[in-house]
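# Model the structure of this input:
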Amino acid sequence: MRTAFVVNHEVTEEKLEFVKQMGVSGVIVHFLEAPGDGYWEFKSFLNLRTRVEAAGLKLEAIGGLPWHFYYKVMLGLPGRDEQIENWCKTLRNMGATGIPLLGYNFTPLFVWRTSRDTRGRGGAHVASFNMELAKNAPLMATASTTHIDTSLLPLSAYHPISEEEMWENFTYFLKAVIPVAEEAGVKMALHPDDPPVSSLGGVARIMRSVDAFKRVIETVPSGYNGLLFCQGCFSEMGTNVVEAIRYFGSRKKIFYVHFRDVRGTADNFAECFIDEGQTDMFKAMKAYKEVGFDGPMIVDHTPRVVGDTTWGHRGRAYAMGYIKALMDVVNAIP
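Below is the predicted model of the structure:
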């Protein structure tokens, strides 16, 4: 096990310096800001890697492909084969640059929250979700205009998408890209739907259970087809998080980890500080050690604490300190 920080969008010298000061060895870049007509270019990856390494860090993974790179794939629209080929170009360019891991979602509406200002411990601002507030969302309603531009969608896309259709779209995609991932030497780590409810905005959300992820790894058996194990999402599902770690970890299907937690269920939950959720975090960390997990572990969705920056330096530092301490404890166990 090792630690990493996620840097969204712009990778600045100040953020890289902070990562080093926290005693963290790696960086994962989400929503890379780089040129590319439907895919990320080799030069962008090369420049990013050398910049991170110049700071004495390792570029562990890339995540969060732009929505417009693959919305036709997710929605089963004409033009999906071209987008799949562009996805494969991204994989080949990552492999050629020596970047070993790609994190991704397969849900057209990405992360949903009904509030970003729920009050947590000591008045900290946390994100929350309440299905009662979201149940009447119109077709293809978006939760984040940062990642989704529905002006790209034809009118024909505005229709309910069933669970069966979403599985068909995902299976078609997975069978096309995993062989290329193998050739490129880039592992693909799938993130759960967040929230893991059956449907939002008329679109089925299929990555919402342990059984769904069992189906994923069985659909295309490969050492390059695995999970971005978001503990918060698995906690929302109501599953036994520790047992899920053991199941997927023992099969070497956990490629990297979002080490966080929530309070509540898929239909009604709030994010929280890392030390006050409903999962026994010590047992979770111990399970990662027991299954031999050797990938990066990151903080994710930290509360906004008093006096924090836009990036959340204080909240991230608190969560990372907790993770590093737990790692030290479990590694000290004979």
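# residues near Phe246, how many?
Actually, residue 246 is Arg. It isn't Phe. By other Cβ atoms under 10 Å, 15 other residues sit near Arg246. C-beta: built from backbone N, CA, C; applies to glycine.
# whoops, I mixed them up, Leu65
Here the number of neighbours of Leu65 (other Cβ under 10 Å) works out to 21.
# just checking, it is part of a helix?
No: assessed with DSSP: H, G, I helix; E, B strand; the rest coil, Leu65 is coil; it does not lie in a helix.
# Now do it against Phe170, distance only.
15 Å (Cβ to Cβ, to the nearest Å).
# pLDDT score assigned to the residue sitting nearest the centre point of the chain?
Closest residue to the average C-alpha location of the chain: His191 at 4.5 Å, with Cα atoms, centre = their mean. For His191, the pLDDT comes out at 97.
# That one reaches Leu228, doesn't it?
Yes: counting by Cβ atoms under 8 Å, Leu228 is a contact partner of His191 at 4.3 Å.
# Are there residues contacting both of these two? Which ones?
Overlap of the contact sets of His191 and Leu228 (by Cβ atoms under 8 Å, 6 or more residues apart in numbering) consists of 63, 103-104, 258.
# Neighbour-wise, which one of those residues leads?
The most crowded member of these, judged by other Cβ under 10 Å, is Gly103 (26 neighbours).
# give me phi/psi at Met94?
Phi and psi for Met94, reported as degrees, to the nearest 10, are phi -60, psi -50.
# Ok, Met297 next?
Dihedral angles phi and psi of Met297 (degrees, to the nearest 10) take the values phi -130, psi 130.
# what pairs with it across the strands?
Thr3, Val257 (DSSP bridges).
# Run through the residues that contact it.
Contacts of Met297 by Cβ under 8 Å, 6+ apart are 1-4, 256-257, 259, 288, 323, 327.
# Which of those residues are buried, as a PyMOL select command?
Here is the PyMOL command that selects the buried residues among the contacts of Met297 (16 or more other Cβ atoms under 10 Å):
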select buried, resi 1+3+4+256+257+259+288+323+327
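# min pLDDT across the contacts of Met297, which one?
Scanning those for pLDDT, the smallest score is found at Met1, 90.
# For that residue, give me its contacts.
Counted by Cβ under 8 Å, 6+ apart, Met1 has contacts 285, 288-289, 293-295, 297, 327.
# mind checking how far it is from Leu200?
For Met1 relative to Leu200 (Cβ to Cβ), the value is 33 Å.
# Then Arg208?
Arg208 is 11 Å from Leu200, by Cβ to Cβ.
# Also Gly63?
Per Cβ to Cβ, Gly63 is found 21 Å from Leu200.
# Same check on Glu276?
Per Cβ to Cβ, Glu276 is found 27 Å from Leu200.
# Which one's more surrounded, these two?
A count of neighbours by other Cβ under 10 Å puts Leu200 above the other of Glu276 and Leu200, at 22 against 12.
# Is that one bridged to anything, and to what?
Bridge pairing for Leu200 (DSSP bridges) gives the partners Val203.
# Settle this for me: it is touching Leu109, isn't it.
Yes: at 5.9 Å, Leu200 counts as touching Leu109 under the criterion of Cβ under 8 Å.
# what comes up buried for stretch 65-85?
Buried residues in stretch 65-85, counted by 16+ other Cβ under 10 Å: 65-67, 69-77, 80, 83-84.
# Between all of those residues, which two are separated the most?
The span of the buried residues of stretch 65-85, defined through Cβ to Cβ, is set by Pro66 and Gly76 at 18.8 Å.
# Check whether Glu271 really touches Gln231, as I assumed.
No: counting by Cβ under 8 Å, Glu271 does not reach Gln231; the two are 11.6 Å apart.
# Give me the common contacts of these two.
Shared contacts of Glu271 and Gln231, defined by Cβ under 8 Å, 6+ apart, are found at Arg260.
# Name the helix or strand for Leu59, please.
Leu59 is located in strand 58-63, with elements delineated by DSSP states H and E.
# Tell me the strands beside that strand, with direction?
strand 26-30 (parallel), strand 101-104 (parallel).
# Now do the next helix or strand after that strand: distance to the chain's middle.
Moving toward the C-terminus from strand 58-63, the next helix or strand (DSSP H and E) is helix 67-75. Distance of helix 67-75 from the chain centroid (Cα atoms, centre = their mean, to the nearest Å) equals 17 Å.
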